[in-house]
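>>> Quick one: sequence and predicted model below, then my questions.
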Amino acid sequence: MKTTLIQMNSVADKAANLAQARRLIEEACAQERPDWIGLPEVFDFLGGTREDKLAASEILREGPAYALAAELAARHGVFIHAGSLLERNAGGDGLSNTTIVFDRKGREIALYRKIHMFDVVTPDGAAYRESALFTPGTELTTYEAEGFKFGCAICYDLRFPALFQALAARGVDAFVLPAAFTLLTGKDHWEVLCRARAIETQSYFLAPAQIGPHRIKDEIRHTYGHSLVCDPWGHVLAKASDAPGFVCARLDRALVQKTRAANPVASQRRPFA
């Protein structure tokens, strides 16, 4: 199975972001002919004020970001794991950070809402309060594609290994983590955490990410990028450079089976109270 990760620099301009996503997906399909494409977290809108985010959000299955991913999946006959988009909650006063997955015919086959909220103050003093606007999800999500079972997570979920162990217990072969990791934490933690989740679960790990600057009110913040694919042994098969673009890697179901047979940790795991 040939996979492609799209790396974007989304900003507080929805039309521009969707145009960027369309261009990169079209280029990837023309040049690489992948089976599966992954977009980054909040590919449709990143930055701006609370009011800007609410205005850019979509009622589920009714907005242009959803329509774009469905259209391109059907046109190119490719699975599209549509990163995440800003989903407007019922009542319109809050959002969910929501992944939608489409099959080769453009049909929705999976939906995941980000569970762990990024509520931190980073060492440089930047404050992030996702829970002030976003409602956390509560359900684990998996889906089937070309003989692989994929498990869904988003960005800050990466720091919670129990989530990935729970998905692994459901038979997941590959994890997808769309992200907008901060530059400050990403330079030290991004790759090592992605590789750790791959090693712990003996699964592929696909992480399409945002790269570059975006404005929040009067402040410019930067995302780390470095979209990557890890194999079940923790090797990095592909990594994006420091710019929008895409990278590709092939997934081999036999390698998952070989890795797990060589080191059968799943069958040796012991429960703890």
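That came in fine, so what should we check first?

>>> Which residue ranges of the stretch 101-250 of the chain form helices?
Taking DSSP state H, counting those that start in this stretch as the test, the helices found in the stretch 101-250 of the chain are 161-168, 183-201.

>>> Tell me which of those is the most buried.
Per-stretch averages of neighbours, counted by mean count of other Cβ atoms under 10 Å, single out helix 183-201 among the helices of the stretch 101-250 of the chain, with a mean of 18. In short, each C-beta sits where N, CA and C put it, glycine included.

>>> Which other helices and strands does it contact?
Counting contacts by 3 or more Cβ pairs under 8 Å, 6 or more residues apart in numbering; DSSP states H and E, the secondary-structure elements packed against helix 183-201 are helix 161-168, strand 174-176, strand 204-207, strand 219-224, strand 228-230, strand 236-239.

>>> Which strands and helices lie in contact with the first one?
Looking back up the chat, that one is helix 161-168. Applying 3+ Cβ pairs under 8 Å, 6+ apart, one finds that helix 161-168 makes contact with strand 148-152, helix 183-201.

>>> closest one to Ser10 among the ones you listed?
Across those, the minimum distance to Ser10, taken as Cβ to Cβ, is reached by helix 183-201, at 14.9 Å.

>>> Using CSV, write out the CA atom coordinates for that closest one.
Extracted in CSV, the C-alpha atoms of helix 183-201 (Å, rounded to 0.1, in the frame of the first residue of the first chain):
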residue,chain,number,x,y,z
LEU,A,183,8.2,24.3,17.0
LEU,A,184,9.5,24.4,20.6
THR,A,185,8.3,21.0,21.7
GLY,A,186,8.6,19.4,18.2
LYS,A,187,12.3,19.8,17.9
ASP,A,188,12.9,17.7,21.0
HIS,A,189,9.8,15.4,21.2
TRP,A,190,8.2,14.9,17.8
GLU,A,191,10.2,12.2,16.2
VAL,A,192,11.1,10.3,19.4
LEU,A,193,7.4,10.1,20.4
CYS,A,194,6.3,9.0,17.0
ARG,A,195,9.0,6.3,16.9
ALA,A,196,8.1,5.2,20.4
ARG,A,197,4.4,4.7,19.6
ALA,A,198,5.4,2.7,16.6
ILE,A,199,7.9,0.5,18.6
GLU,A,200,5.5,0.0,21.5
THR,A,201,2.6,-1.2,19.3
